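> would you be able to build a 3D model of this:
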Amino acid sequence: MSMVNFRLDDEVKKNMEEACKEMGLSMTAAFTIFATKVGRERRIPFEVSADPFYSDKHIAMLEKRIADIKEGRNTHEHELIE
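Here you go, the predicted structure:
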């Protein structure tokens, strides 16, 4: 048996512990299930994709809009949806 150590954000760890407890699992059991599935299937057992919100293009557009607003230029008006 091997020991594996890694760091998790405190909130991520707390949420995982709570979810595992609700399923009757320890975090060790959950990670073992994950590792076993990855080893057998040679893939991550869920979809992993980038959130387009954080793309360089989108961040640049948001930064430009913020700069426009700060300079008093609001060129991105739209109709209010009621």
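> make it CA atoms for all contacts and neighbour counts henceforth
OK.
> buried residues in stretch 34-41?
By 16 or more other C-alpha atoms under 10 Å, stretch 34-41 has no buried positions at all.
> cool, stretch 10-25 as well?
By 16+ other C-alpha under 10 Å, the buried positions in stretch 10-25 come out as 17, 20.
> what does the pLDDT read for the residue positioned nearest the centre of the chain?
Against the mean C-alpha coordinate of the chain, by C-alpha atoms, centre = their mean, the closest residue is residue 51 at 8.1 Å. For residue 51, the model assigns a pLDDT of 81.
> for the one 10 residues further on, same thing?
The pLDDT attached to residue 61 in the predicted structure is 89.
> try residue 75
We have a pLDDT of 66 for residue 75.
> next one: the one 5 residues further on
Model confidence at residue 80, expressed as pLDDT, equals 69.
> hang on, the earlier thing: can you tell me how far the residue nearest to the centre of the chain sits from residue 44?
17 Å (C-alpha to C-alpha, to the nearest Å).
> off-centre distance for the helix or strand bottoming out on mean pLDDT in the chain?
Counting by mean pLDDT, DSSP states H and E, the chain has its least confident helix or strand at helix 56-70, which shows a mean of 89. How far helix 56-70 lies from its chain's middle: 22 Å, per C-alpha atoms, centre = their mean, to the nearest Å.
> for that helix, list every residue counted as buried.
residue 65.
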